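In: make a model of this:
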Amino acid sequence: MAKSEEQKAQKAAPAPEQEGVTEQTTVMAPLSDEAVKAAAETEKVKDTKKKKAKKKQTIYTIKLIPDDDGDTKSIRLSERVLKYGIASVAAGALLFVGAFSYSVYSTFANQNGAAEIHELREVNNIQQEQLLQLSKKANALQDEIDQLTQLESDLRRMSGASPAQDDGSGDGSGLTNDGTSGQHDGQGGPYAQQPSLDNVSEALDNVAKDIEKRRASLLALQEELKAQQESMGTPGMVSLPGSLVGSTVSVTTPTGWPARGEVSSPYGLRWNGSDFHPGIDIANDMGTPIVATADGTVTTAGWNAGGYGNMVDIDHGNGVTTRYGHAMQVVVSAGQHVRRGQIIAYMGSTGFSTGPHVHYEIRINGQAVNPVSYL
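Out: Model (predicted):
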């Protein structure tokens, strides 16, 4: 009993204070209604944000169910991945459509270009055919003029009239300087050249000039015959074509024949208008001497791969050159000075040739001209 009372007294007595320890008690003031409402609003905002976050992370599930009762497969895609996927597919579709459109455009453009090229080729072929037909007509006209020229010469000879002043100014067909007409027919030149528009124009210009000359010559013949009938006189003697007796022509101007023989192929269109011949062919026996027609300097002496065979080119100055092709042998060398009448080669049939002859060209400033007017 004494112990229990003693224990009760100890419990009731206050605990002794510990040295250095201070006991503090905080008393919270009661919250106001506004504070409580603000705290409630804050909680609501947090809850709303959490709900929105949950909505943004929506997951879509794609289920693949096989027909044979096999295992079902699921593909889970987040909304973000799904959006990226759709955007990628849309971009790919746009690229495909663009590439396909460009491919279709390119195909049509190429087809149109090919059609235009084909059309241009057809037009070019038609023009080439028309040009060939025109060249044939020009060649036929030249042949008729040559026949008229020959007829006039026969009339002059039969009537005793003097030779026409322009004899030898045509294409030169059948001309001869050694009385061997019809005995030689060697022809050649450079490899066959399809007539160009310039060639045909030149041929037509020559035809027009020849027609005018023939008209003037025939009128002169008419007057001469009238005079003969009135006076009953005889015509005077004339010099041979190409004669240099009493001539004042410069020694550097091509004059006369480069070889004896006859003109077997004229200048201009030939072979029914299928080839343009930039010179004349003078045919004779193999080995006939070929001479320079004017003083000058040899610029080329030897083989030519363009169809001329053994060839000699002479520069006479002032832009005038002469060419002698198809020689059997060349007896001058490049750089050598030659004089008019000097032997430079011997007639042959080398290169593009059908028989022994000399292909004779005259060029002025690089442009071929008709050599007949210089014979």
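In: helices or strands up against the strand or helix carrying Trp303?
Out: Using DSSP states H and E, Trp303 sits within strand 296-304. Under the contact criterion of 3 or more C-beta pairs under 8 Å, 6 or more residues apart in numbering; DSSP states H and E, strand 296-304 touches strand 309-317, strand 320-330, strand 337-338. Placement of C-beta: from N, CA and C, glycine included.
In: flag the shaky bits of the stretch 51-200 of the chain, pLDDT-wise.
Out: 51-57, 158-160, 164-189, 192-195 (pLDDT under 70).
In: surely Tyr374 touches Tyr267?
Out: No. Counting by C-beta atoms under 8 Å, Tyr374 stays clear of Tyr267, with 10.9 Å between them.
In: more neighbours: these two, which one.
Out: Tyr267 (29 against 20; other C-beta atoms under 10 Å).
In: chain neighbours aside, what residue packs nearest to the more buried one?
Out: Asn370 (4.4 Å; C-beta to C-beta, 6 or more residues apart in numbering).
In: gap between the one you found and Leu197?
Out: Here Asn370 is placed at a distance of 19 Å from Leu197 (C-beta to C-beta, to the nearest Å).
In: what about the helices in the stretch 1-150 of the chain?
Out: 2-12, 33-56, 79-159 (DSSP state H, counting those that start in this stretch).
In: just the strands in the stretch 201-350 of the chain please.
Out: 262-265, 268-270, 275-277, 280-283, 289-291, 296-304, 309-317, 320-330, 337-338, 343-347 (DSSP state E, counting those that start in this stretch).
In: so which bits of the helix or strand following the last one are buried?
Out: Yep, that's strand 343-347 we're talking about. Sequence-wise, the next helix or strand downstream of strand 343-347 (DSSP H and E) is strand 357-364. Under the neighbour-count criterion of 16 or more other C-beta atoms under 10 Å, strand 357-364 has 357-363 buried.
In: likewise stretch 63-77?
Out: Per 16+ other C-beta under 10 Å, stretch 63-77 contains no buried residues.
In: alpha carbons of it, as PDB, please.
Out: Extracted in PDB, the C-alpha atoms of stretch 63-77 (Å, rounded to 0.1, in the frame of the first residue of the first chain):
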ATOM      1  CA  LYS A  63      -6.400  -6.000 -83.200                       C
ATOM      2  CA  LEU A  64      -5.500  -8.400 -85.900                       C
ATOM      3  CA  ILE A  65      -7.900 -11.400 -85.900                       C
ATOM      4  CA  PRO A  66      -6.900 -14.300 -88.300                       C
ATOM      5  CA  ASP A  67      -9.600 -16.300 -90.100                       C
ATOM      6  CA  ASP A  68      -8.200 -19.600 -88.900                       C
ATOM      7  CA  ASP A  69      -9.000 -19.000 -85.200                       C
ATOM      8  CA  GLY A  70      -5.300 -18.400 -84.500                       C
ATOM      9  CA  ASP A  71      -4.000 -16.100 -81.900                       C
ATOM     10  CA  THR A  72      -5.200 -12.500 -82.000                       C
ATOM     11  CA  LYS A  73      -2.500  -9.900 -82.200                       C
ATOM     12  CA  SER A  74      -2.800  -6.400 -80.900                       C
ATOM     13  CA  ILE A  75      -0.900  -3.300 -81.800                       C
ATOM     14  CA  ARG A  76      -0.900  -0.500 -79.400                       C
ATOM     15  CA  LEU A  77      -0.300   3.000 -80.600                       C
END
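In: noted, bye for now.
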